[in-house]
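Engineer: fold the following.
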Amino acid sequence: MVPGGESAVRVLDRAEIRTASVGEMDNDAYLVTCRRSGAQLLVDAPTDPDRLLSLVREGDGTGRLDVLVVTHRHGDHLGAAAAVVARTGARLAAGEHDADEVGRACGRTVDTRLRHGDRLTVGDLELEVVALRGHTPGSVALALTEPEDAHAPGATPGRVHLFTGDSLFPGGVGSTQGDPERFTRLLDDVRTRLFDRYRDDTCVYPGHGDGTTLGAERPHLAAWAARGW
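Structural biologist: Prediction:
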């Protein structure tokens, strides 16, 4: 994370990932840019549409935005979504079980209702949708996998980049408001759909604060289960 309104940038073989922190709750917005085509995807639009539009311009220099994915229906992740979509013409996407509430909050219909296992194409990039139920019914993560022939400086063949919204953070899963059934569902999804599937070098980009890796968090899964939140 880079303070002071600047964006942290990670350059991969085929993609660039820019991170901006906005708002009083230290919400993160992530811009994924296809290096070949200039196509762009924004993960969450928490607040401060002018800052987010500046982030989009940093990606390709033109302000092009192809799709905005809202990871879940909570207001601190979509407060600027209507403005960003109106000013860029981007498609609005959200998890199928949160899509109606996201649409109502934005005053428009969600264009793409995301389901577990769906794939979003952004230029030459493909991101897989991972449903993580519990924080909200329709919370989704996005998985971007580096190609096996990646060779750019800083790239790692086959490494995955996960944009997890409020479902996974350094130190635990997202809040389930003390509901044991929701907590169990979320922890089970995080365990089976993320930790059981992806390598330890998988990079995690959460909805607030700093990132982590699955390897850094894996040893603590049993402790998370035991504490129950």
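
Engineer: going by C-alpha atoms from here, please, whenever you check contacts or count neighbours.
Structural biologist: Fine.

Engineer: can you give me the pLDDT of residue 2?
Structural biologist: For residue 2, the model assigns a pLDDT of 39.

Engineer: next one: residue 153 from residue 212, what distance?
Structural biologist: According to C-alpha to C-alpha, to the nearest Å, residue 153 and residue 212 sit 20 Å apart.

Engineer: do residue 198 as well
Structural biologist: 14 Å.

Engineer: what of residue 80?
Structural biologist: Counting by C-alpha to C-alpha, the gap from residue 80 to residue 212 is 26 Å.

Engineer: just to revisit the earlier point, neighbour count: residue 153 and residue 212, which is higher?
Structural biologist: Comparing residue 153 with residue 212 by other C-alpha atoms under 10 Å, the one with more neighbours is residue 212, at 19 against 9.

Engineer: beta partners for the more buried one?
Structural biologist: Residue 212 forms beta bridges with residue 204, as assigned by DSSP bridges.

Engineer: tell me the contacts of it?
Structural biologist: Contact analysis of residue 212 by C-alpha atoms under 8 Å, 6 or more residues apart in numbering lists 169-170, 203-205.

Engineer: now it: how far from residue 200?
Structural biologist: 10 Å.

Engineer: check residue 46 too.
Structural biologist: Distance from residue 46 to residue 200, counting by C-alpha to C-alpha: 29 Å.

Engineer: wait, what's in contact with the residue nearest the centre of the chain?
Structural biologist: The C-alpha lying nearest the average C-alpha coordinate of the chain belongs to residue 163 (C-alpha atoms, centre = their mean; 3.1 Å). Listed by C-alpha under 8 Å, 6+ apart, the contact partners of residue 163 are 43, 141-143, 204-207.
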